[in-house]
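J.: Fold the following.
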Amino acid sequence: MLSKGGEKTQNRQGRGRSNTLEASKPGGEQDRRATTKPAESPNSRWGHKVEPELRKAGSGPKSKWVKVMSQYAELYVGIDVAKRTLEVALSSGELLSVVNDDAGIAELVQDLVKRAPALVVLEATGGYERKVWLALLEAGIPTARVNPRDTHHFAQAHRQLAKTDRLDARGLMLFAAQMRPRPDVAPAAADERLQELVGRRQQLTTMLAAEHNRHQQAISPANRRSIQTVIRFLERQRKALDQAIKKKLSKNAQARELNELLQTAKGVGRVVSATLIARLPELGTLTRRQIAALVGVAPYDRKSGDWDGRSHIFGGRADVRCALYMATLSAVRRDPHLRAFYRRLREQGKAKKVALTACLRKLAITLNAMVKNRTPWSPSCPTLA
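T.: Predicted coordinates for the structure are as follows:
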């Protein structure tokens, strides 16, 4: 059932309280030692002036403060995703709550289809948002799944310090209305299945590495036999997944062509190729700088005044970066141009990891150019800007 609710807010910004996201721009820092007269300053602790977005309902000491409906021309929606519930905030001022299951998601989608919002925004929450995200896209509702880091900084910029599910949903609604991120494209069912297979294979590889480490440290024969049994089981499971991934790629003509194209590059095998197809669908559609940033190998400057700090890579998709790192270790041995580039950096005094990261970036840019031009790897493969 869709349930409506609201938040109690007050115009007294006392100690330990934070401004709501709907409040107007603050006039200054709130300090309990301020000497400004309360009646003249809206920022004082006991100020009597009402925030422009709030209106009073009722009277007396227990009166509530109700938010006035926003004046956005279009409807924007923010959804805060939890394991069991979905808190929904609409720019019309309504707050809804549904259960995060198939029935609740279907009811929410049906309600939003009638309202026809301009944009729905939700955060990536480790997979709990996936069902509602796919359901909204399949229903044709413009939906953007955004990085939680972006919404966190957005809330800080609005001086939102308190944190509840409803406040988070309201913040996502404001993020949608003010930042207006680009809506996502609904993934194909085959792509979803391939992503699940590749993700499961990565999980098995992680578990295998952990079991091998335990086997090295095991002393008693019983423990060693137990670990060896688990290792053999995980290896069989991984082998079965490799066959499933191969079968999935062979059934799709476009994926099969892309798989063959990527494996022409030195160092790129079936595992790296499947990871790129499943986890980096933007490959071939971005510029060299954008693909480097998406993989997480773009250097970011750190300078201020006379201080000149070292540049560092940041963010990106870790699983794609790990797969390309292993491909780079092979490519610097097999690709003569990448090998020469690596040696030149080492001769210039660059650390080994720094040189390998630079080679990784060059490999990612090369693969992006190959896919963009539909050209197999060659020593003079173009790298478009």
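J.: Going by C-alpha atoms from here, please, whenever you check contacts or count neighbours.
T.: Will do.
J.: Give me the buried positions along the strand or helix carrying K353.
T.: Using DSSP states H and E, K353 sits in helix 352-373. Neighbour counts over helix 352-373 (16 or more other CA atoms under 10 Å) mark 355-372 as buried.
J.: cool, stretch 342-349 as well?
T.: Buried residues in stretch 342-349, defined by neighbour count with 16+ other CA under 10 Å: 342-343, 345-346.
J.: Which parts of this protein belong to which domain?
T.: Segmentation of the chain into domains, based on automatic domain parsing, reads 76-179, 188-251, 253-385.
J.: any chance of these in JSON lines, plus mean pLDDT?
T.: Output for those, formatted as JSON lines (pLDDT from 0 to 100):
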{"stretch": "domain 76-179", "mean pLDDT": "94"}
{"stretch": "domain 188-251", "mean pLDDT": "94"}
{"stretch": "domain 253-385", "mean pLDDT": "92"}
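J.: Of those, flag the one that's most buried.
T.: domain 76-179 (a mean of 19; mean count of other CA atoms under 10 Å).
J.: Now do the same contact list for Y300.
T.: 311-314 (CA atoms under 8 Å, 6 or more residues apart in numbering).
J.: What values do phi and psi take at it?
T.: Per-residue torsions, Y300: phi -110, psi 130 (degrees, to the nearest 10).
J.: so which of the buried residues of stretch 342-349 comes closest to L86?
T.: Within those, the smallest distance to L86 is 49.7 Å, found for Y342 (CA to CA).
J.: tell me which element the closest one falls in.
T.: Short version: Y342 belongs to helix 336-347, going by DSSP H and E.
J.: Pull that helix out as PDB, backbone CA atoms only.
T.: C-alpha atoms of helix 336-347 as PDB (Å, rounded to 0.1, in the frame of the first residue of the first chain):
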ATOM      1  CA  PRO A 336      56.200  -3.900 -28.500                       C
ATOM      2  CA  HIS A 337      54.800  -0.300 -28.400                       C
ATOM      3  CA  LEU A 338      53.400  -0.600 -24.900                       C
ATOM      4  CA  ARG A 339      56.600  -2.300 -23.800                       C
ATOM      5  CA  ALA A 340      58.700   0.600 -25.200                       C
ATOM      6  CA  PHE A 341      56.300   3.100 -23.500                       C
ATOM      7  CA  TYR A 342      56.700   1.300 -20.200                       C
ATOM      8  CA  ARG A 343      60.500   1.100 -20.400                       C
ATOM      9  CA  ARG A 344      60.700   4.800 -21.300                       C
ATOM     10  CA  LEU A 345      58.700   5.700 -18.200                       C
ATOM     11  CA  ARG A 346      60.900   3.600 -16.000                       C
ATOM     12  CA  GLU A 347      64.000   5.100 -17.400                       C
END
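J.: list the helices and strands that helix packs on?
T.: Applying 3 or more CA pairs under 8 Å, 6 or more residues apart in numbering; DSSP states H and E, we find helix 336-347 packed against helix 318-334, helix 352-373.
J.: Swap in 6 Å and give it another go.
T.: Where contact means 3 or more CA pairs under 6 Å, 6 or more residues apart in numbering; DSSP states H and E, helix 336-347 is packed against helix 318-334.
J.: What lies in contact with the helix it packs on?
T.: 266-268, 272, 295, 338-339, 360 (CA atoms under 6 Å, 6 or more residues apart in numbering).
J.: Could I get the full set of strands for the protein?
T.: In the chain, the segments counted as strands under DSSP state E are 3-4, 54-57, 64-67, 76-81, 85-90, 95-99, 119-123, 143-146, 299-300, 303-304, 307-308, 312-313.
J.: How far off centre is the helix holding K353?
T.: From the chain centre to the centre of helix 352-373 is a distance of 22 Å (CA atoms, centre = their mean, to the nearest Å).
J.: how many degrees apart are it and helix 336-347 in direction?
T.: 150 degrees (axes from the mean of the first three to the mean of the last three CA atoms, to 10 degrees).
J.: Can you list the neighbours in contact with helix 352-373?
T.: Under CA under 6 Å, 6+ apart, the answer for helix 352-373 is 283-284, 288, 297, 328, 342, 345, 383.
J.: Export stretch 85-97 to CSV, keeping only CA atoms.
T.: This file holds the C-alpha atoms of stretch 85-97, laid out as CSV (Å, rounded to 0.1, in the frame of the first residue of the first chain):
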residue,chain,number,x,y,z
THR,A,85,11.0,0.0,2.1
LEU,A,86,11.1,2.7,-0.5
GLU,A,87,10.6,6.2,0.6
VAL,A,88,9.3,8.4,-2.2
ALA,A,89,9.3,12.3,-2.2
LEU,A,90,7.5,14.2,-4.9
SER,A,91,8.1,17.9,-5.8
SER,A,92,4.3,18.4,-5.3
GLY,A,93,5.0,18.0,-1.6
GLU,A,94,3.7,14.5,-1.1
LEU,A,95,5.6,11.8,0.7
LEU,A,96,4.9,8.1,-0.1
SER,A,97,6.2,4.8,1.4
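J.: quick revisit: of all pairs in the contacts of helix 318-334, which one is the farthest apart?
T.: Taking CA to CA, the two most distant members of those are V295 and R339; they sit 21.2 Å apart.
J.: and A218, what are its phi and psi?
T.: phi -70, psi 140.
J.: Not counting sequence-adjacent ones, nearest residue to it?
T.: Spatial nearest neighbour of A218, excluding adjacent residues (CA to CA, 6 or more residues apart in numbering): R224 at 5.9 Å.
J.: The one you found and V88: what is the separation?
T.: 51 Å (CA to CA, to the nearest Å).
J.: next one: L324
T.: Distance, L324 to V88, using CA to CA: 39 Å.
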